[in-house]
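Novice: need a structure here:
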Amino acid sequence: MKLALIAPARRKSGKQGLTGRAFQIPPLSLGVIASLTPPEVEISLMDENLHDVDFSDTPDLVGITCLTASAPRAYEIADRFRARGSKVVLGGIHASAVPLEAIQHADSVVLGEAEGVWGGLLEDFKAGTMKRFYKGAKPDPSQIFAPRRDIYERKGYFVKSVVQTSRGCPFGCDFCTVQRFFGTKFRFRSVHSVVEEVRSLATKFVAFVDDNIAGSYPHAKQLFAALAPLNIRWICQAPIGIGKDSELLKSMRKAGCRGVFVGFESIVPDCLKEVGKSFNVVEKFREHVKRIHDNGISVEGAFIFGFDHDDKDTFKRTLDFIVKAKIDFAQFGILTPFPGTKLYQRMKHENRILTGNWEKYDIAHSVFQPAKMTPEELEEGRRWIEDEFYSFRGSARRMLGLGKRIRYLLPVLILNASYRQYVKAYR
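Specialist: Alright, predicted model coming up:
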């Protein structure tokens with residue numbers, strides 16, 4: 001039996017060709033699917049962000065995962081393989097949010113996490129009795145296995161060694177898809193299983209891809225203490241609130257943390273309250289960033305524009321804050337009502353959704369009617385702050401602001417230059 005696992009790239013909206021993402025990492029979900037598959041099955045992985053999909057072969061079964069922006073391309077790939085006689089399974093966040101849409105392009109759709117259903121699906125495939133939909137219970141952390149990394153390309157990924165230590169989130173931010181897909185509670189893998197997975201990696205640099213590696217401070221401190229003897233360097237995602245716990249920050253640094261991705265989202269308190277993220281305290285942002293920096297950890301901030309309390313001045317005020325806070329890197333996105341979220345339901349109820357073209361749901365386009373500016377002004381403002389932040393002047397200013405972290409000058413310089421090149425190519 002031949003199984004092809006495919007990670008589709010997204011098409012450039014309104015343009016020819018496909019585009020990947022900056023700093024590409026391996027498709028973790030497909031690696032997990034491979035680990036759940038019996039060893040006698042012949043598995044191939046096609047990551048379209050690295051290489052073109054090979055349509056010359058006809059696998060027995062094709063598994064495709066997709067986000068919303070890549071859904072049209074995923075459907076196109078699925079249709080082509082089905083026309084050649086392959087059976088196709090669609091899964092991932094988007095397919096789980098709109099299964100009735102996804103099933104129009106597949107033989108089966110997996111809703112949510114695959115651990116509890118993948119084995120049964122394969123048995124049904126062999127018997128010729130595949131169901132249209134498979135939905136399993138949230139797997140216990142002991143059932144969450146490491147991905148099969150041998151299926152990944154050796155070259156082409158920014159970080160190949162990606163590790164997930166937990167799933168789920170109790171914070172119901174209106175714009176976030178995590179709760180719908182992974183549930184409302186943190187499910188932590190055992191510290192032992194995570195450490196053993198990291199030990200198995202032939203690398204000293206790891207990316208932890210949890211949505212919040214510090215969801216439980218006691219668990220996080222146990223994990224960091226266990227990682228410290230491994231002498232690795234790593235990056236992660238965590239809330240800005242980690243800046244209030246000096247003990248946690250010291251343990252992160254000692255364990256090898258060198259960078260953290262933080263979802264600030266907005267510097268306007270009313271915007272955070274609007275989408276259920278008022279636990280982010282704007283008045284504490286700069287203080288927390290300084291504490292993180294003081295522990296030798298770089299900060300990449302994520303900022304979203306288009307909230308109902310945002311106006312055209314928000315872009316300038318946000319840039320001023322970033323400069324004063326000395327944030328090392330930043331990601332700028334437009335508020336996007338992804339299907340399955342509370343935000344999508346509210347926008348749809350208010351009749352503010354402007355398009356159902358999923359290709360535009362890439363956080364770079366305004367797919368809804370903003371409250372205090374036009375869609376064009378929102379897109380223009382996002383481009384402006386991105387250009388300003390990653391300009392030569394902006395990058396030089398960050399180099400000069402490293403202070404005690406001057407030893408990071410070269411990597412920060414390289415990453416800022418890479419971001420600048422990506423911004424140009426992306427457009």
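
Novice: Specify the residue ranges that define each domain of this structure.
Specialist: In the assignment given by automatic domain parsing, the structural domains of the chain cover 2-135, 161-389.

Novice: Turn these into a markdown table, columns for mean pLDDT, mean neighbour count and distance to E153.
Specialist: Placement of C-beta: from N, CA and C, glycine included. A markdown table is the format used below for the domains of the chain (pLDDT from 0 to 100; neighbours: other C-beta atoms under 10 Å; distance: least, C-beta to C-beta, whole Å):
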| stretch | mean pLDDT | mean neighbour count | distance to E153 |
| --- | --- | --- | --- |
| domain 2-135 | 92 | 19 | 6 |
| domain 161-389 | 94 | 18 | 13 |
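
Novice: Of all those domains, which one comes closest to I144?
Specialist: With C-beta to C-beta as the criterion, I144 lies closest to domain 161-389 of these, at 5.6 Å.

Novice: sorry, back to before: what about the domains of the chain, which gets the closest to S142?
Specialist: Shortest separation from S142 across the domains of the chain is recorded for domain 161-389, at 7.2 Å, computed as C-beta to C-beta.

Novice: Mind putting the domains of the chain into JSON lines with distance to Y419?
Specialist: Rendered in JSON lines, the data for these read as follows (distance: least, C-beta to C-beta, whole Å):
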{"stretch": "domain 2-135", "distance to Y419": "7"}
{"stretch": "domain 161-389", "distance to Y419": "7"}
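
Novice: hang on, K221 packs against L249?
Specialist: No: no contact is recorded between K221 and L249 when judged using C-beta atoms under 8 Å, the distance being 10.7 Å.

Novice: ok, back up a step: looking at the domains of the chain, which is nearest to K155?
Specialist: Of all the domains of the chain, the one in closest proximity to K155, counting by C-beta to C-beta, is domain 2-135 (8.6 Å).

Novice: Hmm, R167 is touching G183, no?
Specialist: Yes: contact between R167 and G183 holds when scored by C-beta under 8 Å: they sit 7.2 Å apart.

Novice: Residues that sit against both of those two, list them.
Specialist: Taking C-beta atoms under 8 Å, 6 or more residues apart in numbering as the contact criterion, the residues that touch both R167 and G183 are K138.

Novice: Now do the SS call for G63.
Specialist: Put simply, G63 is strand when judged by DSSP: H, G, I helix; E, B strand; the rest coil.

Novice: returning to that earlier point: so which of the domains of the chain is nearest S418?
Specialist: domain 2-135 (7.2 Å).

Novice: residue boundaries of the strands in the stretch 151-300 of the chain?
Specialist: Secondary structure of the stretch 151-300 of the chain (DSSP state E, counting those that start in this stretch): strands at 162-163, 166-167, 187-188, 205-208, 233-237, 257-265, 298-305.

Novice: That's all I had, so thanks and see you.
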